[in-house]
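Peer 1: quick one: sequence plus predicted model below, questions after.
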Amino acid sequence: MQKTNIKHHIISIANDLFYSNGYNATGINEIVAKSNIAKATLYHHFKSKEAICIAYLEMRHQSFMKPLTSFVRSKPLGKPQLLAIFDFLRNLYRQGDFYGCWAQKILGELSSKDKKIHAVIQRQKKELLLFLGEIVGDNIAHISIAETEKISGGLYLLYESAITESHLHQNDWPIHLAKSIAPSLFVESRLKQ
């Protein structure tokens with residue numbers, strides 16, 4: 001296997017283990033065994049479990065943001081684009097093997113010493129929040145920065161709670177409820193068509 005393929009293979013195995021079993025419950029030896037590689041090979045590509053986790057978070061975030069952006073932008077302007085994040089989340093939920101937000105799962109297991117991983121998760125969540133701000137700005141006419149921040153922040157909080165609660169209850173009703181609450185954040189008469 002080529003060097004980049006081995007690295008990707010290790011991240012892919014860690015992805016499955018971290019997402020389904022948790023970060024703390026997954027040991028290096030398990031990643032090595034499931035990857036069918038030598039421990040030295042793993043350490044050649046990653047200096048630590050923390051480095052594997054950061055690569056995992058980066059992979060998950062990229063594989064989330066690209067399709068999310070395409071999905072939202074494919075919807076008509078106005079309410080469909082503003083609420084598309086909830087439709088996207090519902091589709092993720094329905095694919096099966098849904099364990100909630102990968103970043104929130106890792107965050108819940110971190111100690112105060114895990115500053116690098118915490119910073120990666122925080123940066124990724126800010127990127128999602130900024131994306132929602134762009135969508136709000138693109139779809140609501142004559143909107144101030146403060147209004148944009150309020151609406152995009154509200155959408156973000158509804159999304160974050162919907163993903164967590166859908167995993168907790170093993171049901172998609174939190175996603176539907178969040179989507180039904182979201183329009184109360186914006187005045188529909190100002191929506192772009």
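Peer 2: Arrived safely, thanks for sending. Residues are numbered from 1 along each chain as shown.
Peer 1: let me know how buried M59 is, in neighbour terms.
Peer 2: Around M59 there are 16 other residues, counting by other Cβ atoms under 10 Å. Placement of C-beta: from N, CA and C, glycine included.
Peer 1: oops, could you answer that again for F186 instead?
Peer 2: Burial of F186, expressed as a neighbour count using other Cβ under 10 Å, amounts to 21.
Peer 1: now do it, the pLDDT please.
Peer 2: With respect to pLDDT, F186 has a value of 87.
Peer 1: the helix or strand encompassing L129: which residues count as buried?
Peer 2: When elements are assigned from DSSP states H and E, L129 belongs to helix 115-139. For helix 115-139, burial by neighbour count (16 or more other Cβ atoms under 10 Å) applies to 117, 120-121, 124-125, 128-129, 131-133, 135-136, 139.
Peer 1: would you mind putting these into CSV with distance to Y19 and pLDDT alongside?
Peer 2: Shown next, in CSV, are these (distance: Cβ to Cβ, whole Å; pLDDT from 0 to 100):
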residue, distance to Y19, pLDDT
I117, 15, 95
V120, 16, 96
I121, 14, 96
Q124, 15, 96
K125, 17, 97
L128, 18, 97
L129, 22, 97
F131, 22, 98
L132, 23, 98
G133, 28, 97
I135, 26, 97
V136, 30, 96
N139, 32, 95
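Peer 1: relative to L155, which of the residues you listed is nearest.
Peer 2: Within these, distances to L155 taken as Cβ to Cβ reach their minimum at L132, with 5.1 Å.
Peer 1: who are the contact partners of the closest one?
Peer 2: With contact taken as Cβ atoms under 8 Å, 6 or more residues apart in numbering, L132 is in contact with 85, 152, 155-156, 159.
Peer 1: repeat that for L185.
Peer 2: For L185, counting by Cβ under 8 Å, 6+ apart, the contacting residues are 150-151, 154-155.
Peer 1: want to throw those into JSON lines with pLDDT and secondary structure?
Peer 2: JSON lines is the format used below for the contacts of L185 (pLDDT from 0 to 100; DSSP: H, G, I helix; E, B strand; the rest coil):
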{"residue": "K150", "pLDDT": "95", "secondary structure": "helix"}
{"residue": "I151", "pLDDT": "96", "secondary structure": "helix"}
{"residue": "G154", "pLDDT": "97", "secondary structure": "helix"}
{"residue": "L155", "pLDDT": "97", "secondary structure": "helix"}
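Peer 1: buried members of these into ChimeraX, please.
Peer 2: Once 16+ other Cβ under 10 Å is used to decide burial, the buried members of these can be selected in ChimeraX as follows:
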select :151,154,155
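Peer 1: which one of the contacts of L185 is nearest P67?
Peer 2: The shortest gap between P67 and any of the contacts of L185 belongs to L155, at 17.8 Å (Cβ to Cβ).
Peer 1: please tell me how far the closest one sits from T148.
Peer 2: Between L155 and T148 the computed distance is 11 Å (Cβ to Cβ, to the nearest Å).
Peer 1: alright, calling it a day.
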